[in-house]
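> Using only what follows, build the 3D model:
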Amino acid sequence: SREPNLANALTGKVAGLQVVRSSTGPAGSSKMVLRGYNSLSGDNQPLIVVDGLPISNFTGASNNDYWNPSLDMGNGIADINPEDIESISVLKGPSAAALYGSRAGNGVIMITTKSGRKQKGIGLTLSSSVGFESIFTSPELQNAFGQGTNGSYKEDEAWSWGPKIEGQQVKNWNGQMVPLTAYDNLNNYFDRKGTTQNHSVSFQQQIQSTSVYTSFNRLEDKSMLPGVKLTRTNLMARAITKFGNNDRWTSDTKVQYTDATANNRPMGGPNPTNGYYMMNLLPRSIDIRDFSAGKNEFGNMIWWSGAGNQVNPYWSINNNLNQDNRSRFIMNASLKYAFNDWLNAEIKGGGDMYTTENDARTYSGSPLTTTGRYSLGKQTFRETNYGTLITANKPNLFGKVGGMLTLGGNLMHQKFSSINAGAGELTVPNLFSINNAEGNPTVGEGFSQKKINSAFGSVQFNYDEYLYIDATFRNDWSSALSKANRSFFYPSVSLSYVFT
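You can find the predicted model right below:
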């Protein structure tokens with residue numbers, strides 16, 4: 001089965017790339033670091049560039065520490081369908097900075113999607129895969145002592161240092177007399193395997209001077225974490241056409257669309273709703289399956305009295321819910337003209353746009369809330385890039401000396417807006433409406449905008465293709481700086497030798 005998140009699929013396939021996976025289910029984000037950390041406190045993730053267009057690789061957790069994590073909303077690279085990828089390459093250092101500026105300070109992962117090749121027959125490809133998920137390893141827990149402390153049993157005690165477990169009769173959490181037994185709550189709760197289904201259909205063909213590639217992909221990942229699910233639909237269409245005298249003109253257009261819905265993203269860390277955390281701390285002589293009903297006939301959560309603010313994970317499955325949907329377009333187009341076999345010019349433009357809508361609903365009847373809680377939000381992102389690039393490349397400039405020159409410019413415009421509202425405690429229990437707030441609802445709104453205009457270039461000379469000297473320059477004008485200091489220039493020079 002293929003990975004739901006493309007970042008995880010890059011593990012071991014890109015030199016120097018370290019991928020740290022999250023533990024928050026199939027829709028969780030993954031952190032990428034390319035050839036070492038550059039900052040102690042800032043973002044160390046590389047820039048993601050798809051077919052020459054930078055895209056947002058947002059990390060969807062505002063706080064990801066152990067003690068107080070926020071809900072992990074995934075990351076941007078997970079929206080890309082791995083089936084559509086033709087190749088992946090890496091840039092880091094002066095080359096990355098010259099092409100993509102300060103945003104490429106942590107390196108660049110360049111992804112090239114499929115563009116269509118000549119096929120025998122129709123050119124239709126179908127693929128389908130099914131994968132299964134289960135616990136690989138878990139902490140070793142003691143099974144010698146039951147619930148209680150100092151060798152004494154107590155049914156509302158949170159510790160497991162009571163009497164030695166020998167099958168003696170004790171009073172359990174609901175007053176019944178039962179034999180003292182150690183239970184494997186981790187495997188009893190996570191008693192089902194997760195399943196991942198991935199289905200794709202694609203068409204590629206070359207018709208005269210035009211190559212076409214289109215694809216449809218459907219992913220459905222039902223996690224082994226109860227109630228957690230990710231569904232994603234990807235559509236893509238790309239066409240490359242050569243035309244004009246001697247096919248000197250080349251046009252390239254592409255549209256990608258992603259619709260991803262995540263249900264019940266889990267919260268990590270020592271959170272009252274973290275089922276995995278609870279299974280490891282539950283007293284050894286309590287059987288989690290006793291609470292599988294979730295709630296009683298009065299709608300209140302069934303749970304043992306010593307749990308404190310911890311929540312019955314069976315209750316959470318149906319009563320502590322969250323959902324989010326992200327709709328995303330990635331579009332780009334370019335037009336290139338080849339003056340001869342060593343000189344060409346290109347203009348291009350593209351955009352990355354997505355909207356995420358989310359809501360969270362907590363029903364009454366638990367320590368989390370008396371009457372229920374409700375919140376919802378919406379985030380919108382848009383980034384456009386328009387650029388031009390002139391490239392001259394002569395491998396035999398004179399004698400064994402070759403040279404390459406690039407000159408270009410780029411206009412980047414980025415906008416982000418968000419709005420969210422929370423009802424807090426509800427007036428009418430379990431009526432999920434912002435207008436049903438017991439007090440005044442909390443409302444938050446955010447907006448940011450940034451523009452960067454750039455001019456850049458590079459010069460390279462090589463001797464017999466084993467000794468290289470490179471020089472790059474770039475000048476950016478950023479709206480994030482004051483008018484007097486918006487312009488900053490960063491050049492570089494490097495020397496390299498190819499031994500074999």
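
> what about M278, which SS state?
Three-state call for M278 (DSSP: H, G, I helix; E, B strand; the rest coil): helix.

> residues in contact with it?
Applying C-beta atoms under 8 Å, 6 or more residues apart in numbering to M278 gives the contacts Q310, V311, P313. C-beta here means a position set from N, CA and C on the backbone, and glycine is covered the same way.

> Would you report which members of those are assigned to strands?
Judged by DSSP state E, strands contain none of these.

> which of these tops the neighbour count?
P313 (28 neighbours; other C-beta atoms under 10 Å).

> Specify which member of the contacts of M278 is nearest to P367.
Proximity of the contacts of M278 to P367, judged by C-beta to C-beta, is greatest for V311, which lies at 6.7 Å.

> and the closest one, how far is that from F291?
Applying C-beta to C-beta, to the nearest Å, the value for V311 to F291 is 10 Å.

> do the same with T149
23 Å.

> how about the strands of the stretch 351-500 of the chain, start to end?
Secondary structure of the stretch 351-500 of the chain (DSSP state E, counting those that start in this stretch): strands at 373-398, 401-425, 442-463, 467-478, 487-489, 492-497.

> residues contacting the most centrally placed residue in the chain?
In the chain, the residue lying closest to the centroid (C-alpha atoms, centre = their mean) is N75, at 2.2 Å. By C-beta under 8 Å, 6+ apart, N75 lies in contact with N5, A7, S29, S30, N57, F58, T59, G60.

> Redo the contacts of M278 as CSV? Include distance to A96 and pLDDT.
Formatted as CSV, the contacts of M278 follow (distance: C-beta to C-beta, whole Å; pLDDT from 0 to 100):
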residue, distance to A96, pLDDT
Q310, 47, 89
V311, 46, 92
P313, 45, 93
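
> of those, closest to T231?
P313 (22.7 Å).

> JSON lines for the strands of the stretch 351-500 of the chain, including mean pLDDT, distance to H199 and mean neighbour count?
Below are the strands of the stretch 351-500 of the chain laid out as JSON lines (pLDDT from 0 to 100; distance: least, C-beta to C-beta, whole Å; neighbours: other C-beta atoms under 10 Å):
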{"stretch": "strand 373-398", "mean pLDDT": "95", "distance to H199": "28", "mean neighbour count": "17"}
{"stretch": "strand 401-425", "mean pLDDT": "96", "distance to H199": "33", "mean neighbour count": "17"}
{"stretch": "strand 442-463", "mean pLDDT": "95", "distance to H199": "37", "mean neighbour count": "15"}
{"stretch": "strand 467-478", "mean pLDDT": "94", "distance to H199": "43", "mean neighbour count": "18"}
{"stretch": "strand 487-489", "mean pLDDT": "94", "distance to H199": "48", "mean neighbour count": "11"}
{"stretch": "strand 492-497", "mean pLDDT": "91", "distance to H199": "45", "mean neighbour count": "11"}
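
> okay if I get those strands as a markdown table plus distance to R218?
Below are the strands of the stretch 351-500 of the chain laid out as a markdown table (distance: least, C-beta to C-beta, whole Å):
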| stretch | distance to R218 |
| --- | --- |
| strand 373-398 | 24 |
| strand 401-425 | 29 |
| strand 442-463 | 33 |
| strand 467-478 | 41 |
| strand 487-489 | 45 |
| strand 492-497 | 45 |
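
> out of those, which comes closest to R21?
Per C-beta to C-beta, nearest to R21 of the strands of the stretch 351-500 of the chain: strand 373-398, 23.7 Å.

> quick one: contacts for the nearest residue to I55 once chain neighbours are set aside?
Once flanking residues are discounted, I55 sits nearest to D352: 4.6 Å by C-beta to C-beta, 6 or more residues apart in numbering. Neighbour list for D352: L53, P54, I55, S56, R328, F329, I330, F381, R382, E383 [criterion: C-beta under 8 Å, 6+ apart].

> and those residues, which are buried?
Taking 16 or more other C-beta atoms under 10 Å as the criterion, what is buried in the contacts of D352 is L53, P54, I55, S56, R328, I330, F381, R382, E383.

> mind listing what the last one touches?
Spelled out, that is E383. Contacts of E383 (C-beta under 8 Å, 6+ apart): P54, I55, S56, G351, D352, M353, M412, H413, Q414, K415.

> Give me the buried positions along the strand or helix carrying I109.
Per DSSP states H and E, I109 falls inside strand 108-113. The neighbour-count check on strand 108-113 (16+ other C-beta under 10 Å) flags V108, I109, M110, I111, T113 as buried.

> Restricting to C-alpha, output the lowest-mean-pLDDT helix or strand in the chain in CSV.
Across the helices and strands of the chain, mean pLDDT, DSSP states H and E gives its lowest value to helix 94-100, namely a mean of 79. Provided in CSV are the C-alpha atoms of helix 94-100 (Å, rounded to 0.1, in the frame of the first residue of the first chain):
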residue,chain,number,x,y,z
PRO,A,94,23.5,29.0,-3.8
SER,A,95,21.6,27.3,-6.7
ALA,A,96,18.4,27.1,-4.6
ALA,A,97,18.8,30.6,-3.3
ALA,A,98,19.4,32.1,-6.8
LEU,A,99,16.2,30.5,-8.2
TYR,A,100,13.8,30.7,-5.3
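
> still on that earlier bit, restricted to strands, list the contacts of N75.
Among the contacts of N75, the members falling in strands (DSSP E) are S30.

> For the nearest residue to I452 once chain neighbours are set aside, which residues count as its bridge partners?
Spatial nearest neighbour of I452, chain neighbours left out: M412 (4.5 Å); criterion: C-beta to C-beta, 6+ apart. Counting by DSSP bridges, M412 is bridged to N385, I452.

> cool, the one 5 residues further on as well?
In this structure, S417 has the following beta-bridge partners (DSSP bridges): T380, F447.

> That one touches Q379, doesn't it?
Yes. Between S417 and Q379 there is a contact under C-beta atoms under 8 Å: 7.3 Å.

> What is the nearest of the contacts of D352 to K92?
Distances from K92 to the contacts of D352, taken by C-beta to C-beta, are shortest for P54, at 15.2 Å.

> so D72 touches S29, yeah?
Yes. Assessed by C-beta under 8 Å, D72 is found in contact with S29 at 5.5 Å.

> name the helices or strands packed onto the least confident helix or strand of the chain?
strand 47-50, strand 108-113, strand 442-463, strand 467-478, strand 492-497 (3 or more C-beta pairs under 8 Å, 6 or more residues apart in numbering; DSSP states H and E).

> Reformat those strands as a markdown table; add distance to N185.
Shown next, in a markdown table, are those (distance: least, C-beta to C-beta, whole Å):
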| stretch | distance to N185 |
| --- | --- |
| strand 47-50 | 40 |
| strand 108-113 | 41 |
| strand 442-463 | 37 |
| strand 467-478 | 54 |
| strand 492-497 | 57 |
